[in-house]
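S.K.: what's the 3D shape of this:
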Amino acid sequence: MAISISFLQKIPHVPMPNINPHLMGAGVLGGFLLLTALKVLLFGDPMAGQTRYVLAIPPAAQTASLSGHLRADNGHGSAPDMVIQIGASEPHLAGLDDPSKGTAHGGGHERAGNTPTHIASNTDHGPSPDAALVEPGPGGVLPIIAADGRRPADVYARPFDTANKTPAIALIVGGLGLKKSTTLAAIQDLPPEVTLSFVPYTHDLQNWINQARAAGHEVMLELPMEPFDYPQNDPGPQTLLSTVSSAENTRRLEWLLSRAWGYFAVTNYMGSKFTASETALSPVMRQLRQRGIDFIYDGEARRSSLGNVAKQERLRWTTADRIIDTEPSTRSIEEQLLHLEAIAIQNGSALGAGFSWPITIKELQAWTQTVSAKGYVLAPASAVLNARNGTVEIEAPNDHDTQMVASSGH
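M.R.: All right, here's what the predicted structure looks like:
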């Protein structure tokens, strides 16, 4: 309906009050914050079920080299931090905040999440590898069995007295390399018998491994493997998949193995679907055996085909008896450590795996000081693996004949 101008002219003029624009802006902001608070109160925080990870954005990748020295700043300098929200259903390898201080986390060990924005190759720090144990790879050097039969799995394992018949308990702390403080704490605060496991995407990975080995720790490398909810739950670049060809998985495996040298074994990072596929597992397990690298499974997925495939491929491997920090709390970790003690008494050895939560490192630091008084010996993971596998079967480098040597545990 049209309104005539004459009618509008009859409307009395009411002067508008003077409004401070800063007060108006504050009022709008306050109203928005109030509505947001009411929304969270009524419907919950949509990010409450996700783990908050803080990743350092490293500088540009450096050219792989086999010589150099350790840097005092560990190669990290003063790089800024990047905060990434990652929907997590598993805290085993990628979570970086301390869950004991209120960080939300999921159950189990299938971690979901974004991946680092930078993938680094071998760095130019630290001692050179034994030339007999490596060959050129896509990002650095690849492990191989030496012409004299020496395997990287034996050369890089921590020595252990196999004549000691005391019940042995071994511990693995994983997810290392992504956060400087927790990585340093694991290297410096835990006994050298504790095995340390590193994420392959870690910037300056070789330097971290050099530091860990210099402190007496043996180390492992984590291989990203396909979970059942892939790609929604993505372990990261070069993930080993059940849906690609064996040639493609071999290419991905070589990329991962060439991130660094000095590890005696590899372990899974996720992998519930991949480890359930014998077809996908076989060529990967075969490559590991032919390169003289052992395998330790974290034991999370119960549908794994690893046992059958490892036997067929003659791969030396074992699985963790307990994941000690599925619930990262003092009470839960102490309970799982008691289970490990019972397993060690019953079977002669026990192997526990955990993630590098600050609470996990703190509890392990305290517990390891009591092991001897309780009648146990703290052993590296390689010693438990060797005890469970017996003799070492080595494929000769130049042909398909095999030779048998006694397991030395180091």
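
S.K.: when you work out contacts or count neighbours from here on, use the C-alpha atoms and nothing else.
M.R.: OK.

S.K.: what pLDDT is listed against Phe32?
M.R.: In this prediction, Phe32 carries a pLDDT score of 49.

S.K.: next: Pro237.
M.R.: So, for Pro237, pLDDT stands at 97.

S.K.: number of residues surrounding it?
M.R.: 16 (other Cα atoms under 10 Å).

S.K.: how much space separates it from Thr275?
M.R.: Pro237 sits 18 Å away from Thr275 when distances are taken as Cα to Cα, to the nearest Å.

S.K.: likewise Ala132?
M.R.: As for Ala132, its distance to Thr275 is 31 Å (criterion: Cα to Cα).

S.K.: of the two, which one has the most company?
M.R.: Neighbours per residue (other Cα under 10 Å) separate Ala132 from Thr275, with Thr275 holding more: 28 against 16.

S.K.: contact partners of stretch 283-302?
M.R.: Contact with stretch 283-302 is made by 108-109, 143-145, 151-153, 246, 249-250, 253, 264-268, 271-272, 309-310, 313-323, 353, 385, 394-395, as judged by Cα atoms under 8 Å, 6 or more residues apart in numbering.

S.K.: now stretch 264-273
M.R.: 93, 109-111, 152-157, 197, 218-228, 235, 242, 293-298, 300-301, 303-304, 382.

S.K.: first to last residue in that stretch, what's the distance?
M.R.: With Cα to Cα as the measure, stretch 264-273 spans 25 Å from end to end.

S.K.: then stretch 137-150?
M.R.: So stretch 137-150: terminal residues 19 Å apart, Cα to Cα.

S.K.: same check on stretch 209-229?
M.R.: For stretch 209-229, the first and last residues are 31 Å from each other (Cα to Cα).

S.K.: for the record, mean pLDDT for that stretch?
M.R.: Mean pLDDT, stretch 209-229: 98.

S.K.: same check on stretch 180-200?
M.R.: Average pLDDT, stretch 180-200: 98.

S.K.: got the buried residues for that stretch?
M.R.: 182-184, 186-187, 190-200 (16 or more other Cα atoms under 10 Å).

S.K.: contacts for that stretch?
M.R.: For stretch 180-200, the external contacting residues (Cα under 8 Å, 6+ apart) are 93, 158, 170-178, 205, 209, 211-212, 215-223, 256, 259, 267, 356-358, 361, 364-365, 368, 378-381.

S.K.: please indicate which of these are buried?
M.R.: 93, 158, 170-178, 205, 209, 211-212, 216-223, 256, 259, 267, 356-358, 361, 364-365, 368, 378-381.

S.K.: is it true that Gly236 touches Glu222?
M.R.: No - the pair Gly236 and Glu222 does not pass the contact test of Cα atoms under 8 Å, sitting 11.4 Å apart.

S.K.: confirm that Asn207 sits in a helix.
M.R.: Yes - counting by DSSP: H, G, I helix; E, B strand; the rest coil, Asn207 is located in a helix.

S.K.: mind listing the helices for the stretch 101-250 of the chain?
M.R.: Here the stretch 101-250 of the chain has its helices, by DSSP state H, counting those that start in this stretch, at 152-155, 180-189, 205-214, 246-257.

S.K.: right, and the ones you listed - which one's nearest Asn389?
M.R.: Nearest of the helices of the stretch 101-250 of the chain to Asn389, taken as Cα to Cα: helix 152-155 at 13.0 Å.

S.K.: quick check: mean pLDDT of that closest one?
M.R.: 98.
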